[in-house]
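# this one's structure only:
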């Protein structure tokens, strides 16, 4: 069985709408990931995605805001592309026909565990080592 790390509870993800963590990938890079609620017959109660739009490296989850989720879709704050919470697939906007990279998680007894053998949990939250406030990299008129 793969090693696993407890991240948070399903209730916390549902209450907050999203939850972020930073982990080291198989290449030794520190990457941000986030959890969003996902309900389905054959799915866990949450899914975990790399915190980056597939069109450009725009953060989808921002500290203090979380991920903007509407009607089961994650909204990219830069160009407005929408990614399905459960599949990560986008069928609109600049990111159309792409899917967010995922990380393996499992839900057991209401707790969410990181089970992906290619990443190692570092800490809760996002990194902010470049002076970036996490906001969109554009002067887009999109408002939340």
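Sure, I can see it. Predicted model only: the values in this text are computed from it and were never measured. Residues are numbered from 1 along each chain as shown.

# what comes up buried for stretch 112-131?
Applying a neighbour-count criterion of 16 or more other CB atoms under 10 Å, one finds 112, 113, 114, 115, 116, 119, 121, 126, 127 buried in stretch 112-131. C-beta coordinates here come from the backbone N, C-alpha and C atoms, glycine included.

# identify the residues contacting it?
2-10, 13, 19-26, 30-33, 35, 44-46, 48, 51, 59, 61-63, 103-107, 134 (CB atoms under 8 Å, 6 or more residues apart in numbering).

# so for this protein, the centremost residue is which one?
residue 34 (2.9 Å; CA atoms, centre = their mean).

# so that residue bridges to which residues?
Legend: beta-bridge partners of residue 34 under DSSP bridges are residue 20, residue 49.

# can you verify my assumption that it contacts residue 47?
No. Applying CB atoms under 8 Å as the test, residue 34 and residue 47 come out as separate, 9.5 Å apart.

# among the contacts of stretch 112-131, which lie within helices?
The helices, defined by DSSP state H, take in 10, 13 from the contacts of stretch 112-131.
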